[in-house]
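J.: Quick one: sequence and predicted model below, then my questions.
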Amino acid sequence: MKQLATITGLSLALAALSGCEADRISEKDFSLPEGNAMDGQEAFVYLHCYECHTIDGVELPPVLSDEPPYVELGGQVTQVKTYGQLVTSIINPSHKLAPGYPLETISEDGQSKMPLYNGYMTVQELIDIVSFLQPHYQVIVPQYHYRVYP
């Protein structure tokens, strides 16, 4: 009886451990609380994001450097910018470099020129900035022109 209990206990432990290994980095069940878009705009300015980014339709403070902001956020896109994509772009900017920009403008040695704010930005600021940015993207349906054969 004692041997059966030991085998059962080991089997359950192995099953639990094998479940831990599968997909530890899953987005499933990942959700941050709702943010405040107005606070997000304040955080965007406070963290000087406007020095490198413009946002379609948003007036931001003037840039004091010689180089104008070079990565536009918002505007028309052909696919939804998800909450997860925006969070990832902020906390891991080298994960995916902005398409359509010359690499020397946005990266150095294959890494994004955007500094990591993870040690300075609060989680609330991150949530608020994403809440501020997301509504500025407008999804449009791409226009395809198909040749009609007679």
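T.: That came through, no problem.

J.: Just want the most central residue of the protein.
T.: Leu86 (2.5 Å; C-alpha atoms, centre = their mean).

J.: Check the secondary structure at that residue for me.
T.: Here Leu86 is recorded as helix under DSSP: H, G, I helix; E, B strand; the rest coil.

J.: What's the separation between it and Pro102?
T.: 23 Å (C-beta to C-beta, to the nearest Å). Every residue, glycine included, has its C-beta placed from N, CA and C.

J.: from what I can see Asn36 touches Ser131, true?
T.: Yes. In this structure Asn36 lies within contact range of Ser131 using C-beta atoms under 8 Å: 6.2 Å.

J.: Who has more neighbours out of these two?
T.: The neighbour comparison of Asn36 against Ser131 (other C-beta atoms under 10 Å) goes to Ser131, with 21 against 14.

J.: So the nearest residue to that one once chain neighbours are set aside: helix, strand or coil?
T.: Leaving aside its chain neighbours, Ser131 sits nearest to Gly35 (3.3 Å; criterion: C-beta to C-beta, 6 or more residues apart in numbering). Three-state assignment for Gly35 (three-state DSSP): coil.

J.: One more: the one 3 residues further on?
T.: The three-state label for Met38, taken from three-state DSSP, comes out as helix.

J.: Please identify the nearest residue in space to it, excluding sequence neighbours.
T.: Met38 sits nearest to Phe132 (C-beta to C-beta, 6+ apart), 7.6 Å away.

J.: What of Ile129?
T.: Gly40 (4.5 Å).

J.: before we move on, what about Pro135?
T.: That would be Ala37: by C-beta to C-beta, 6+ apart, it lies 6.8 Å from Pro135.

J.: where in this protein is pLDDT low?
T.: Scanning the chain for pLDDT under 70 picks out the ranges 1-29.

J.: So which residues of it form helices?
T.: 2-21, 37-46, 83-91, 103-106, 123-133 (DSSP state H).

J.: what's the offset of the second one from the middle of its chain?
T.: With C-alpha atoms, centre = their mean, to the nearest Å as the basis, helix 37-46 stands 16 Å off its chain's centre.

J.: Over to the last one?
T.: Between the mean C-alpha point of helix 123-133 and the mean C-alpha point of its chain there is a distance of 11 Å (C-alpha atoms, centre = their mean).
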